[in-house]
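Asks: quick one, structure for this:
(chains A and B)
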Amino acid sequence: MSHAVSTKRYAGLHGALAQFNTPEELIDACEKAYADGYRKMDAYAPMPVEGLAEAIGYKKNKVALCVLIAGCSGICFGLGLLEWISQIAYPHNIGGRPLNSWPAFIPITFECMILFSALTSMISMLAMNGLPRPYHSVFNVPSFERASVDKFFLCIESEDPKFEPDHTLEFLKTLGPEEVNYVPE
Amino acid sequence: MDQITKVNENNYQLPSEVIPDPGANIVLGGPHDYSSVTERIAGVVYLPMKNSPKRWLVGAFFAFCLVNVLFFAVYMLFMRGVGIWGLNIPVAWGFAIINFVWWIGIGHAGTLISAILFLLKQDWRTSINRFSEAMTLFAVACAGMFPILHLGRPWLFYWLLPYPNSMWLWPQPRSPLEWDVFAVSTYGTVSLVFWYVGLLPDLASLRDTAPSMLQRKIYGLMSLGWRGSAIHWHRYQKAYLLLAGLSTPLVLSVHTIVSFDFAVSQLPGWHTTIFPPYFVAGAVYSGFAMVLTLIIPLRAWYNMRDLITLRTIEAACKLMLGVGLIVAYGYACEAFFAWYSGDKYEAFMYTNRAFGPYWWTYWMLILCNIALPQLLWSQKMRHNLTVVWLLSIVINIGMWLERFEIVVTSLHRDFLPSSWGMYFPTKWDIMTYVGTIGFFMLLIFLFVRTLPSISIFEVREQVHHDLHKDPVEKH
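Replies: From the prediction side, this is the model:
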């Protein structure tokens, strides 16, 4: 969005990107960048790397909380639906058996809990990740194609208060990358 | 966009010489690095038709023919009604229920491999989890067809769901058949979600490496713009772990509920407490057999013996043997209860099973499910893939016979001799059943050629793990 760019300090520049060969080098680089005072950055890897998110200062993961809430809603929905059907909407007295035969409602309640939780774990993960999002500035760097194959990337974003194009690029070079690039918006 | 229009000409080929199996101790052959595994696994998808194994074409065509048989059988069913099937009183549950239970059982091994073995950190599952999840999904699709088709008016299947209709009628929530509706639809949905979430990062790899622009666009759309950010991975792993944790009780609940369809009734042979665990074990048993039936040819056709190694096959064999023994225990329990209960109907049911008109199904199933699989105790047999493959087929047949025996022998001779009868499937029953096998096979054939059949990013993790393995631990 052109009007949004004007508020940024470096219009047209998303950040600076360094490319590494192994996950260990990437974690090391992230830790150094964090120690150097950079906060607005992201690391990219073709597979989950243990400790990488923590190295760039990410701590809280709210997926589990969302799933817990969804699971509880699933229980309420399932049990509520069945109780409502059998006691209010369509009550049948069959040989004096109780209308509230809750043990028979457990299987469906359980399935509703699982269904709600499973859908929420996918949807909340995608929503918090800001996906689906087909376009992102990092895709502008040609070598970023290999972020989904065999290379590991650290991107320091221009929104970071400490970001200065030349200085940050020089800093990234000291981390021993294979390649450094500016990331155009 | 400029950089990604520069795309290589599509000349992918399978590795020309046969890549040997690294043996039963190694999860991943090699030497492999992050890009070589990507190329090998994604390469199967990129293979142009001229380089694709001819056996794929023959197999897919054969499966397609069977799908047409299914369409024809279903067309006749819609035109003439369930009367064309062999169902009648006293056996009102026939092939439809047998095949439903058989198919859904096959699906269960996929969830077991992808969820339970994930929670137990079994690294050998990596090479087959994607494939078996796909198998689950397709098996559930086949399973779901039968209960719908056997409704007298299949186009009104939505009456099974609780929804506010004009007559303000609601389904009976105390019936196991209604529980089944929820269990199977939840199972199908969750399997799809689990599979798709697992596919996301691999779809991004395909988006970045596919040889044609069209493929890049399709996989790009499907990958939802996944870019492998560390924070995304962090949430992703949490979501995946939760899905695995949710699928584990789900898979147990689904077959438990399927067994309740029988166990809640009062028929001799059905009304027993052993049914839920015995059904779950049987489901996993047949599912592992189906996984082996499919991956042994797959790894040979696509020269992937270094990716799906003997380690995986051997572990699957051992698990199959173990669950098979639980199934055998289930049979023993049935016999014991029949004697120990002192109930004459129960005792008659058991003698009728073993020595009545359907005696051969009973002894065939003992042979297929208990006797022959004992060969797997021998390591030599587990390493002989022809034997393993044939055994996997035998177990699939055995598990089908088990469901036949449970459904038919309990129904055909119940309490009153005056109401006894026999059940014989008609050609339409058989065509529908064979047709679903074709449908399943066709989906598997298409899946192998359009999506990565091994989880690429998990194999990359395995590569990383192997690189940093303690030298003492190395075999």
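Asks: need the residue closest to the centroid of chain B.
Replies: B:G107 (2.9 Å; CA atoms, centre = their mean).
Asks: now that one: how far from B:V101?
Replies: Distance, B:G107 to B:V101, by CB to CB, to the nearest Å: 11 Å. Every residue, glycine included, has its C-beta placed from N, CA and C.
Asks: then A:G15?
Replies: Plainly put, A:G15 is 56 Å away from B:V101 if you go by CB to CB.
Asks: more crowded one of those two?
Replies: Each of A:G15 and B:V101 has its neighbours counted (other CB atoms under 10 Å in any protein chain shown); B:V101 has more, 28 against 25.
Asks: and the gap between the more buried one and chain A?
Replies: 17 Å (CB to the nearest CB, to the nearest Å).
Asks: quick one: secondary structure of that residue?
Replies: Classification of B:V101 using DSSP: H, G, I helix; E, B strand; the rest coil returns helix.
Asks: contact partners for it?
Replies: Contacts for B:V101 were tallied using CB atoms under 8 Å, 6 or more residues apart in numbering or on different chains; they are B:143, B:258, B:279, B:403.
Asks: host element of the first one?
Replies: Element membership for B:A143, per DSSP states H and E: helix B:129-149.
Asks: so what does that helix touch, helix or strand wise?
Replies: helix B:95-111, helix B:176-209, helix B:275-301, helix B:427-450 (3 or more CB pairs under 8 Å, 6 or more residues apart in numbering or on different chains; DSSP states H and E).
Asks: which of the ones you listed sits most buried?
Replies: By mean neighbour count, with neighbours taken as mean count of other CB atoms under 10 Å in any protein chain shown, helix B:95-111 ranks first of these at a mean of 27.
Asks: relative to helix B:176-209, how tilted is that helix?
Replies: Relative orientation of helix B:95-111 and helix B:176-209, computed by axes from the mean of the first three to the mean of the last three CA atoms, to 10 degrees: 50 degrees.
Asks: specify the angle between helix B:95-111 and helix B:129-149 in degrees.
Replies: 160 degrees.
Asks: A:H167: neighbour count?
Replies: 11.
Asks: how close does it get to A:D42?
Replies: Distance, A:H167 to A:D42, by CB to CB: 19 Å.
Asks: just B:S259 next, same as before
Replies: 49 Å.
Asks: where does the prediction get shaky in chain A?
Replies: Counting by pLDDT under 70, chain A has low-confidence residues at A:1-8.
Asks: residue furthest from the geometric center of it?
Replies: Most remote from the centre of chain A, using CA atoms, centre = their mean: A:G95, at 54.3 Å.
Asks: please report phi then psi for it.
Replies: In terms of degrees, to the nearest 10, the main-chain angles of A:G95 are phi 60, psi 30.
Asks: what sits against the one residue sitting closest to the centre of chain A?
Replies: For chain A, A:N129 is the residue whose C-alpha lies nearest the centre (CA atoms, centre = their mean; 3.3 Å). A:N129 is in contact with B:229, B:231-232, B:235-236, counting by CB under 8 Å, 6+ apart.
Asks: closest one of those to B:L451?
Replies: B:L451 lies nearest to B:Y236 out of those, by CB to CB, at 18.3 Å.
Asks: would you mark the buried spots in the lengthiest strand in chain A?
Replies: Secondary structure of chain A per DSSP state E: the longest strand is strand A:13-20. The neighbour-count check on strand A:13-20 (16 or more other CB atoms under 10 Å in any protein chain shown) flags A:13-20 as buried.
Asks: who does that strand pair up with?
Replies: strand A:152-157 (antiparallel), strand A:179-184 (antiparallel) (DSSP bridges).
Asks: give me the residues contacting the first one.
Replies: With contacts defined as CB under 8 Å, 6+ apart, strand A:152-157 is touched by A:14-23, A:25-26, A:29-30, A:33, A:38, A:40-46, A:49, A:138, A:144, A:147, A:163, A:168, A:171-172, A:175, A:177, A:183.
Asks: so which of those sit within helices?
Replies: A:23, A:25-26, A:29-30, A:33, A:168, A:171-172 (DSSP state H).
Asks: what subset of these is also close to chain B?
Replies: A:23, A:30 (CB under 8 Å from any CB of the partner chain).
Asks: what is the nearest of the ones in helices among the contacts of strand A:152-157 to B:D429?
Replies: A:P23 (55.4 Å).
Asks: what sits against the closest residue to that closest one other than its chain neighbours?
Replies: Spatially, and ignoring its direct neighbours in sequence, A:P23 is nearest to A:V49 (4.4 Å; CB to CB, 6 or more residues apart in numbering or on different chains). By CB under 8 Å, 6+ apart, A:V49 lies in contact with A:23, A:26-27, A:43, A:152, B:230, B:233.
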